[in-house]
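Engineer: Sequence below, structure please.
(chains A and B)
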Protein chains: 2
Amino acid sequence: MHNKIELYAQLINEDLYKYLDTYLEEYKVIFDSMRYSVENGGKRVRPLLTLLFCDACCGDVKKALPFADAVEYIHTYSLIHDDLPCMDNDDFRRGKPSNHKVYGEAFALLAGDGLLTAAFERITDLQKAGLYSADVAVKAIYTLSHLAGSRGMIGGQVIDLLNENNSNADFDNLKLMDSLKTGALIEAACVMGCIAAEADEDKINAATEFAQKIGLAFQIKDDILDVTSTLEKLGKMAGSDEQNGKSTYVTLLGVQECQKLVDKLTDEAMKALDAFQNNEALKEYAKYLADREN
Amino acid sequence: MHNKIELYAQLINEDLYKYLDTYLEEYKVIFDSMRYSVENGGKRVRPLLTLLFCDACCGDVKKALPFADAVEYIHTYSLIHDDLPCMDNDDFRRGKPSNHKVYGEAFALLAGDGLLTAAFERITDLQKAGLYSADVAVKAIYTLSHLAGSRGMIGGQVIDLLNENNSNADFDNLKLMDSLKTGALIEAACVMGCIAAEADEDKINAATEFAQKIGLAFQIKDDILDVTSTLEKLGKMAGSDEQNGKSTYVTLLGVQECQKLVDKLTDEAMKALDAFQNNEALKEYAKYLADREN
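Structural biologist: Down below sits the predicted model:
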């Protein structure tokens, strides 16, 4: 793995908690709850993409760090809310009890709300993050809030809920769902990296294209893994989508066609990265993402 | 009522929906759900304060309109999440079925998330809201996200949950809870009005003082009304706090002492408004708030 990737992952893992460590004793539990889920955070794909895109635009990655934190807070909140009984009702997340199993539903709900709100506080807390201009902050917040909002990620979750037990959902519907539910936040992560570097429109468009392709590839791969993985590898019950009677790419196209589509989308995503001068680490990471097996 | 108050209420009621009317058919239900709760929105106290403080600072209230919408979206999301079964489990809100009784828990949860996110999208969507500088937008977002976040409104909700069935909570604990749960968002509303007008620190401090005093007065008054009101007047079951075995200002101090405290806080809040030149409409509205009976 490119040494920048390790370095950036370390930067992110150090920075993520700095904003979650000042609080009154009276409401400490919400910070415990937020940190619990941020700590159980997996591979930091989205914030790494933010720093790697900033770097690929020859920007200073320190400027992108608040945006990286923000996108990870939003990703984490979406998982906490997704796991709640009224949503997917998942007792486990990455092999550990989900937030509401540890803190109860009310504090899980509020921890999600808190992380969503903290994303925007982090970006605009200029005493801590004042490395960029207000213009840059406003562009980043618009990108993030639009793509994470009801016309983006949340809209995708709505379509996902409507598709539950609907084995008639077609490819276009699944694609729209995933481009919103998964793709939109990945797009925000990539584009915010370019915004931190004050990159031009061409680079932002290339980042958008990369994100949409890799995001869809990612989700199709998830469907493949959902069928083929085991509990040990993935940290949640394998095959859960199928058990719920949901349409997936795999039920629509089969594993082999799905893998072909993943390969095609990955190729197109990789080509989009040619728009960036300094793209060595980013390309390596994109290849790693494409090849992942959990 | 001062004619500005009617005019501003109309401006707000027209503007609130403009940002909730573009969406894809596939996720329309989330917009229906968000609008349902925004429509059932009561008296628009917080956004009115935003416009009235902007006006009191001799600012252009049109510039404050996106901030007013944002604060109302956040207030509305907090009510939707508060009413959920895992929180207060309220079936009614202002005499109408609460959001989850109409749209189900999942869509209510997501509608809350959507409104919270929309607050920040609304402020930074410069194509629609580009009347102010990026500096002003960043200041407003920091104020709003800090005061609505885990160190603000959400922190207050956490303390409220911890106090449930705790009849030992003392005055200081209740005051901290309310200064966060209710006061913080009112403070954000008032301060954002000053920020829209690019007012100086003295005015922002006066707005903060006003908000903290009136916010606490507001909450003590709520406790009084919770005991004395009837279902018809308030639109929810009267005396519900007492039934839950919660400590309230009324159980700690009694109705009469509470009313005295409300009067004192209201006086102090009104005095803080002397810092504003153009405070006629604002003072009239503050007086109306102090005298309200539901």
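Engineer: Is chain B within reach of stretch A:66-83?
Structural biologist: Yes. Using Cβ under 8 Å from any Cβ of the partner chain, stretch A:66-83 comes into contact with chain B via A:77, A:81. Using the backbone N, CA and C atoms, a C-beta is placed for each residue, glycine as well.
Engineer: How far does that stretch sit from its chain's centre?
Structural biologist: Centroid separation between stretch A:66-83 and its chain, computed with Cα atoms, centre = their mean, to the nearest Å, is 7 Å.
Engineer: Neighbours of the nearest residue to residue A:154 once chain neighbours are set aside, how many?
Structural biologist: The shortest distance from residue A:154 to any residue other than its chain neighbours is 4.9 Å, reached at residue B:114 (Cβ to Cβ, 6 or more residues apart in numbering or on different chains). Using other Cβ atoms under 10 Å in any protein chain shown, the number of residues around residue B:114 comes to 31.
Engineer: Flag every residue of the stretch 151-294 of chain A that's near chain B.
Structural biologist: Selection of the stretch 151-294 of chain A residues close to chain B by Cβ under 8 Å from any Cβ yields A:151, A:154, A:155, A:156, A:157, A:158, A:159, A:161, A:162, A:173, A:176, A:180.
Engineer: Residue A:86: neighbour count?
Structural biologist: Residue A:86 has 20 neighbours, counted by other Cβ under 10 Å.
Engineer: any idea what sits nearest it, other than its immediate chain neighbours?
Structural biologist: Leaving aside its sequence neighbours, residue A:86 sits nearest to residue B:105 (Cβ to Cβ, 6+ apart; 3.6 Å).
Engineer: and whichever helix in chain A runs longest, how far from the chain's centre?
Structural biologist: Using DSSP state H, we find that the single longest helix of chain A is helix A:201-228. Counting by Cα atoms, centre = their mean, helix A:201-228 is centred 11 Å from the centre of its parent chain.
Engineer: mind listing the helices in the stretch 51-200 of chain A by residue range?
Structural biologist: For the stretch 51-200 of chain A, applying DSSP state H, counting those that start in this stretch gives helices covering A:61-83, A:99-124, A:126-129, A:134-148, A:153-163, A:171-178, A:184-196.
Engineer: Run the chain-centre distance for the longest one.
Structural biologist: This means helix A:99-124. 16 Å.
Engineer: same deal with the shortest one?
Structural biologist: Its chain's C-alpha centre lies 24 Å from the corresponding centre of helix A:126-129 when counted by Cα atoms, centre = their mean.
Engineer: what about it, near chain B?
Structural biologist: Yes. Counting by Cβ under 8 Å from any Cβ, chain B is contacted by helix A:126-129 at residue A:126.
Engineer: Residues touching that helix, excluding its own?
Structural biologist: With contact meaning Cβ atoms under 8 Å, 6 or more residues apart in numbering or on different chains, helix A:126-129 is reached by A:18, A:19, A:65, A:66, A:122, A:123, A:137, B:138, B:142.
Engineer: about what we covered before: is it true that the residue nearest to residue A:154 touches residue A:150?
Structural biologist: Yes. With contacts counted by Cβ atoms under 8 Å, residue B:114 reaches residue A:150, the gap being 3.7 Å.
Engineer: what do those two both touch?
Structural biologist: Residues touching both residue B:114 and residue A:150 (Cβ under 8 Å, 6+ apart) are B:30, B:34.
Engineer: Below-threshold pLDDT in chain A: ranges please.
Structural biologist: Residues of chain A that meet the criterion pLDDT under 70 lie in A:129-130, A:165, A:167, A:230-245, A:293-294.
Engineer: Swap in 80 and give it another go.
Structural biologist: Within chain A, the ranges that satisfy pLDDT under 80 run A:1, A:127-130, A:165-168, A:229-247, A:291-294.
Engineer: Compute the number of surrounding residues for residue A:127.
Structural biologist: Look at residue A:127: counted by other Cβ under 10 Å, it has 6 neighbours.
Engineer: Assign a three-state SS to residue A:41, would you?
Structural biologist: Classification of residue A:41 by DSSP: H, G, I helix; E, B strand; the rest coil places it in coil.
Engineer: and it, what does it touch?
Structural biologist: Contacts of residue A:41 (Cβ under 8 Å, 6+ apart): A:16, A:72, A:76.
Engineer: and if we set it to 6 Å?
Structural biologist: Neighbour list for residue A:41: empty [criterion: Cβ atoms under 6 Å, 6 or more residues apart in numbering or on different chains].
Engineer: Report the separation between it and residue A:30.
Structural biologist: Distance of residue A:41 to residue A:30, given as Cβ to Cβ, to the nearest Å: 17 Å.
Engineer: same deal with residue A:270?
Structural biologist: Note on residue A:270: its distance to residue A:30, by Cβ to Cβ, is 41 Å.
Engineer: quick one: contacts for the residue nearest to residue A:154?
Structural biologist: Each residue near residue B:114 by Cβ under 6 Å, 6+ apart is listed here: A:150, A:154, B:30, B:34.
Engineer: Residue A:112 too?
Structural biologist: Here residue A:112 is in contact with A:77, A:80, A:81 (criterion: Cβ under 6 Å, 6+ apart).
Engineer: so which of those comes closest to chain B?
Structural biologist: For the contacts of residue A:112, the minimum distance to chain B (Cβ to the nearest Cβ) is 6.1 Å, reached by residue A:81.
Engineer: what's the neighbour count on that closest one?
Structural biologist: Residue neighbour count, defined by other Cβ under 10 Å, stands at 27 for residue A:81.
Engineer: Look up how far residue A:249 lies from it.
Structural biologist: In terms of Cβ to Cβ, residue A:81 sits 24 Å off from residue A:249.
Engineer: still on that earlier bit, mind listing what's buried along the longest helix of chain A?
Structural biologist: A:203-204, A:206-227 (16 or more other Cβ atoms under 10 Å in any protein chain shown).
Engineer: ok, now stretch A:50-69?
Structural biologist: For stretch A:50-69, the neighbour count (16+ other Cβ under 10 Å) marks A:50-57, A:59, A:61, A:63-69 as buried.
Engineer: Distance from it to the middle of the chain?
Structural biologist: In this view, stretch A:50-69 has its centroid 16 Å away from the chain centroid, taken as Cα atoms, centre = their mean.
Engineer: same question, stretch A:93-112
Structural biologist: Worked out by Cα atoms, centre = their mean, stretch A:93-112 lies 18 Å from the chain centre.
Engineer: who's more crowded, residue A:270 and residue A:30?
Structural biologist: It is residue A:30, of residue A:270 and residue A:30, that has more neighbours when counted by other Cβ under 10 Å, with 26 against 18.
Engineer: so is that one in a helix, a strand, or just coil?
Structural biologist: For residue A:30, the secondary-structure state derived from three-state DSSP is helix.
Engineer: That one and residue A:110: what is the separation?
Structural biologist: Going from residue A:30 to residue A:110 by Cβ to Cβ gives 6 Å.
Engineer: next one: residue A:69
Structural biologist: Look at residue A:69 and residue A:110: by Cβ to Cβ, they are 19 Å apart.
Engineer: now do residue A:277
Structural biologist: Taken as Cβ to Cβ, the span from residue A:277 to residue A:110 is 44 Å.
Engineer: who's more crowded, those two?
Structural biologist: Ranked by neighbour count (other Cβ under 10 Å), residue A:277 and residue A:110 place residue A:110 first, with 29 against 10.
Engineer: Kindly export stretch A:107-126 (C-alpha atoms) in PDB.
Structural biologist: Once non-C-alpha atoms are left out, stretch A:107-126 reads as follows in PDB (Å, rounded to 0.1, in the frame of the first residue of the first chain):
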ATOM      1  CA  PHE A 107     -29.300   7.600  22.700                       C
ATOM      2  CA  ALA A 108     -28.500   5.900  19.400                       C
ATOM      3  CA  LEU A 109     -31.100   8.100  17.700                       C
ATOM      4  CA  LEU A 110     -29.600  11.200  19.300                       C
ATOM      5  CA  ALA A 111     -26.000  10.100  18.700                       C
ATOM      6  CA  GLY A 112     -26.900   9.900  15.000                       C
ATOM      7  CA  ASP A 113     -28.400  13.400  15.100                       C
ATOM      8  CA  GLY A 114     -25.400  14.600  17.000                       C
ATOM      9  CA  LEU A 115     -22.900  13.300  14.500                       C
ATOM     10  CA  LEU A 116     -24.900  14.700  11.600                       C
ATOM     11  CA  THR A 117     -24.900  18.100  13.200                       C
ATOM     12  CA  ALA A 118     -21.200  17.800  14.200                       C
ATOM     13  CA  ALA A 119     -20.300  17.400  10.600                       C
ATOM     14  CA  PHE A 120     -21.300  21.000   9.900                       C
ATOM     15  CA  GLU A 121     -20.000  22.300  13.200                       C
ATOM     16  CA  ARG A 122     -16.600  20.800  12.400                       C
ATOM     17  CA  ILE A 123     -16.300  22.500   9.000                       C
ATOM     18  CA  THR A 124     -17.300  25.900  10.300                       C
ATOM     19  CA  ASP A 125     -15.500  25.900  13.600                       C
ATOM     20  CA  LEU A 126     -12.800  28.200  12.100                       C
END
